[in-house]
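Engineer: I'll drop the sequence and a predicted model, then ask my questions.
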Amino acid sequence: MSAGAHPDVHWPPGWGPDRCDSFVSHERHVAAPADAVFTRLVTVAEWPTWQRGVDRVDVSEELIVGGRFVVVAAPHTLDGIVGELVVPSRFGWAAVSDRLSFYQSWLLLDAPSGGTRAVFHEASRGPSALLRTSDRVGLTRSWLDALPSSV
């Protein structure tokens, strides 16, 4: 396991920080309960309203493990597939495009002081993963910063 990887993140076979070209990790405490944070994460059609860099999300089937959706984040059109969905604590999904593929994991833990400890990991592969690691760090951090601070 790579430094900074949370031991409770479930990586699908063939994925993980040590099997990728780029790894991004963030954590944030939010005052909102895990179910409110989880609802925001799994309402994928709304991502363009709060995830910087996401232009459009097309969802044509139910969001379940194995469910698919398309994310347009210029210059990429990503085919997404849900890998993990455990209410209200885990959401993981894989994305594949021509120059980038990744697995994102969101782990939501009850914080001892109340609220939620949100853990985000993204393991990426491909030419775009190699070239844009520093850009991904700032972009993905902005997603944690946009999580609900309260209900």
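Structural biologist: Perfect, thanks for sending it. Bear in mind the structure is a predicted one, so any value in this text is a computation, not a measurement.

Engineer: Every contact and neighbour count from this point should use C-alpha atoms.
Structural biologist: Will do.

Engineer: helices and strands around the top helix by length along the chain, which ones?
Structural biologist: Assignment by DSSP state H gives helix 133-145 as the longest helix of the chain. Counting contacts by 3 or more CA pairs under 8 Å, 6 or more residues apart in numbering; DSSP states H and E, helix 133-145 packs against strand 22-30.

Engineer: The strand it packs on vs helix 133-145, what angle?
Structural biologist: 20 degrees (axes from the mean of the first three to the mean of the last three CA atoms, to 10 degrees).

Engineer: what does strand 22-30 rub up against?
Structural biologist: Contact with strand 22-30 is made by 4-5, 17, 111, 115-125, 129-130, 133, 136-137, 141, 144-145, 147-150, as judged by CA atoms under 8 Å, 6 or more residues apart in numbering.

Engineer: Show me the helices in this structure, by range?
Structural biologist: With DSSP H as the criterion, the chain has helices spanning 34-42, 47-50, 127-131, 133-145.

Engineer: is it possible to export those to JSON lines including distance to residue 78?
Structural biologist: Converted to JSON lines, the helices of the chain look like this (distance: least, CA to CA, whole Å):
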{"stretch": "helix 34-42", "distance to residue 78": "17"}
{"stretch": "helix 47-50", "distance to residue 78": "14"}
{"stretch": "helix 127-131", "distance to residue 78": "13"}
{"stretch": "helix 133-145", "distance to residue 78": "15"}
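
Engineer: how about the ones you listed in a markdown table, adding distance to residue 84, mean pLDDT and mean neighbour count?
Structural biologist: Listed next are those as a markdown table, based on distance: least, CA to CA, whole Å; pLDDT from 0 to 100; neighbours: other CA atoms under 10 Å:
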| stretch | distance to residue 84 | mean pLDDT | mean neighbour count |
| --- | --- | --- | --- |
| helix 34-42 | 11 | 95 | 19 |
| helix 47-50 | 18 | 95 | 15 |
| helix 127-131 | 22 | 69 | 15 |
| helix 133-145 | 19 | 79 | 15 |
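
Engineer: Show me the shaky parts of this structure.
Structural biologist: Filtered on pLDDT under 70, the chain yields the residue ranges 1-4, 130-134, 150-151.

Engineer: on that earlier part again, filter the contacts of strand 22-30 to the buried ones?
Structural biologist: Buried positions within the contacts of strand 22-30, assessed by neighbour count (16 or more other CA atoms under 10 Å), are 5, 17, 115-125, 129, 133, 136, 141, 144, 147.
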